[in-house]
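Colleague: let's see this in three dimensions:
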Amino acid sequence: MEFEKQFSDFQADMVSICLEYCEKKADTIFIYTIYWQEKKIMSSTSTNFFFRVNNEMRAKHKIDGDVSFERQKATMKILAENATKIAKLFEQHNRPLPSEMKIVYDVNTNSIKADYTYDLDFAGKGSHDLHDEWFNSFS
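Modeller: This is a model prediction of the structure:
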């Protein structure tokens, strides 16, 4: 259970920082993480986040409140640190690291759902392309 608890804690911290960022004004928080791997070892990671507010999808810079570059950068840094901790956790427990992690947190019901994709074929797409595809799938 140690693995599951730590994994849940890292994801909960990611949600918590995004909840703080949106000043609890969002109905749903979406967190996207990609792990690029070389020979099944994480070589880099990319994270991003967005929100649903009053049934409208909002990019992180289009939510009411302080969306300054400094605040976005600080939030992204914490997300990246947690993503790296997750990768290390998977490595320590000899578990296959997902290529993609999508976290959806429903603020109103306090529930989290996560989807994981393994061996994702990025087909020459960058992290922004993949994030934008997920964002646009809700429009």
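
Colleague: going forward, measure contacts between C-alpha atoms and count neighbours the same way
Modeller: Will do.

Colleague: neighbours of the residue lying closest to residue 54 once chain neighbours are set aside, how many?
Modeller: Nearest residue to residue 54, sequence neighbours excluded (CA to CA, 6 or more residues apart in numbering): residue 27, at 6.9 Å. Neighbour count of residue 27, defined by other CA atoms under 10 Å: 19.

Colleague: residue contacts, residue 27?
Modeller: 51, 52, 53, 54, 55, 106, 107, 108 (CA atoms under 8 Å, 6 or more residues apart in numbering).

Colleague: ramachandran coordinates for it?
Modeller: With angles defined as degrees, to the nearest 10, residue 27 sits at phi -90, psi -30.

Colleague: pLDDT value on it, please?
Modeller: pLDDT, residue 27: 97.

Colleague: same deal with the one 10 residues further on?
Modeller: Residue 37 carries a pLDDT score of 72 in this model.

Colleague: doesn't residue 100 make contact with residue 120?
Modeller: Yes - counting by CA atoms under 8 Å, residue 100 is a contact partner of residue 120 at 7.2 Å.
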